[in-house]
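**Student:** predicted model and sequence below, questions to follow.
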Amino acid sequence: MSVLINFAMFPTDAGISKSQQVSKVIEFIKNSGFEYRLNPMGTTIETDTMQEALDLVNQSYLLLEKDHDRVYSTITIDARKGDKGRMKSKIESIEQKIGKVNS
């Protein structure tokens, strides 16, 4: 199974810039051992199970919750049985099709 989860999470009571707080979450994800990609509007992670994905989100929340009164988050999940490595393959599939359309 491949579970792709894209999420953004940050405290709302931490001033204008959230990079200091978000960097703590990204460091936690980096150390989790799961493949991830940081993007301008969130982070995508690939896990083998839904429980692993949800645990990462929950642990990220707990990291921020201990120092902040309000934490905002958005979450998008794509779970698919069978395939793994979809974080890379989904992008490659679209890029191949774009090349065929433009040719």
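**Tutor:** Done, it's in. None of the values given here were measured: they were computed from a predicted structure.
**Student:** C-alpha from now on. contacts and neighbour counts both.
**Tutor:** Fine.
**Student:** for the chain, which segments count as helices?
**Tutor:** For the chain, the helices defined by DSSP state H occupy 19-32, 50-65, 86-102.
**Student:** per-residue confidence averaged over the longest one?
**Tutor:** Think helix 86-102. Averaged over helix 86-102, pLDDT sits at 83.
**Student:** ok, which of the helices of the chain comes nearest residue 41?
**Tutor:** For residue 41, the closest of the helices of the chain is helix 19-32, at 11.3 Å, according to CA to CA.
**Student:** buried ones in the closest one?
**Tutor:** Along helix 19-32, these residues count as buried under the neighbour rule (16 or more other CA atoms under 10 Å): 21-22, 25-26, 29.
**Student:** cool, stretch 47-56 as well?
**Tutor:** By neighbour count on 16+ other CA under 10 Å, the buried set for stretch 47-56 is 47-48, 50, 53-54, 56.
**Student:** list just the nearest of these to residue 40.
**Tutor:** Closest approach to residue 40 among the buried residues of stretch 47-56 (CA to CA): residue 56, at 19.3 Å.
**Student:** which pair of the buried residues of stretch 47-56 spans the longest distance?
**Tutor:** Farthest pair in those, by CA to CA: 48 and 56, 12.2 Å.
**Student:** how far does the helix or strand bottoming out on mean pLDDT in the chain sit from the chain's center?
**Tutor:** Here the helix or strand of the chain ranked lowest by mean pLDDT, DSSP states H and E is helix 86-102, holding a mean of 83. Centroid separation for helix 86-102 versus its chain: 20 Å, with CA atoms, centre = their mean, to the nearest Å.
**Student:** quick check: buried residues in that helix?
**Tutor:** With burial defined by 16+ other CA under 10 Å, the residues of helix 86-102 counted as buried are 86-87.
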